[in-house]
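Colleague: My questions concern the predicted model and sequence given below.
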Amino acid sequence: MLHTILQLTKAVSHAQQDQSLPQRRFTRSSARAGGRFRLLPVLLFAIYGLYYYFSNQGEVPLTGRQQLVDISREQEAALGLQSYQQILAQSELIRSGAEYAQVREIAARIAAAASDVDPGFDWEVSLIRSDQVNAFALPGGKLAVYTGILPVAENVDGLAVIMGHEIAHAIARHGAERMAYQKLTQLGSLAAGMSVSGMDPAQQQMLMAALGAGAQYGVLLPFSREHESEADYLGLIFLARACYDPSEAPALWQRMSASGGQRPPEFMSTHPSGETRIRQFQQWMPEALEIYRQRCQ
């Protein structure tokens, strides 16, 4: 489909070049006066974008949200494994001790609690010695925790909140979904560039900058924050099923907010603010506590 779009756009460009000389002079004069906006590339992108979106639909477990994913689970797992091996090769790993055992136990319990929605990941967890206040999970079930986040986690339940959130990202396929939307955004930028190519360079630059800012602040950043909130919810349910105390989640984010220093406004960030996350956890808490009481008390 993309090849067809590019061929059609090229054909239109050749047809415009074959116009008579007076017409070309008029076009160039018009471009100098204010430029032309070519509608065809945008229309072709809209047609392809709709086809691409509706032919690559999936569903997030538990929430039921429809998502855009265009690669197989096998491809996704292969990418995750490659990235994981590269990170571990450049890191100092802790392979024994109480903290290592704790991280492994939490990962195993939460993965087991999410087994009904687990797509068949080969779970693996590593503890990395680093001052980074961070943890991550990659497609295929590759999980890492940095020692710098352990003091902020403060206790087993706090660490379970962090690891449940990361495991939820992997199960919900957020990485693959983000890649699909980035592809769509890049193709949209290409179509926009073709549409304004006949305009004055200053106009082109101004319009492309506005479109780039619109895509960043109107699409990509809100989408990233939605992923973070969804992972917060899923992780909360998973850790409650695994018999970790879900009421620790708001307390963890109070500590996170206190330790993180100054942050950009929420609309400029990939993550919701600490205040937003605490409020959302409080909204979800009755459901999580009910699961915790039924399974664990």
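Modeller: Yes, it's here.

Colleague: Need phi/psi at residue 117.
Modeller: phi -120, psi 0 (degrees, to the nearest 10).

Colleague: residues contacting it?
Modeller: 61-62, 171 (CB atoms under 8 Å, 6 or more residues apart in numbering). The C-beta positions use only the backbone N, C-alpha and C, and glycine is treated the same way.

Colleague: What ranges does the stretch 101-250 of the chain have for its strands?
Modeller: Here the stretch 101-250 of the chain has its strands, by DSSP state E, counting those that start in this stretch, at 124-128, 135-138, 142-146.

Colleague: Quick one: those strands as CSV, columns for distance to residue 95, mean pLDDT and mean neighbour count too.
Modeller: As requested, the strands of the stretch 101-250 of the chain are exported to CSV (distance: least, CB to CB, whole Å; pLDDT from 0 to 100; neighbours: other CB atoms under 10 Å):
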stretch, distance to residue 95, mean pLDDT, mean neighbour count
strand 124-128, 8, 97, 21
strand 135-138, 17, 96, 23
strand 142-146, 13, 97, 24
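
Colleague: Now distance to residue 87 too, for those strands, in a markdown table please.
Modeller: Shown next, in a markdown table, are these (distance: least, CB to CB, whole Å):
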| stretch | distance to residue 87 |
| --- | --- |
| strand 124-128 | 8 |
| strand 135-138 | 8 |
| strand 142-146 | 7 |
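
Colleague: Residue 66: which of the ones you listed is closest?
Modeller: Of all the strands of the stretch 101-250 of the chain, strand 135-138 sits nearest to residue 66, with 22.2 Å by CB to CB.

Colleague: which secondary structure elements does the closest one contact?
Modeller: helix 73-89, strand 142-146, helix 156-171 (3 or more CB pairs under 8 Å, 6 or more residues apart in numbering; DSSP states H and E).
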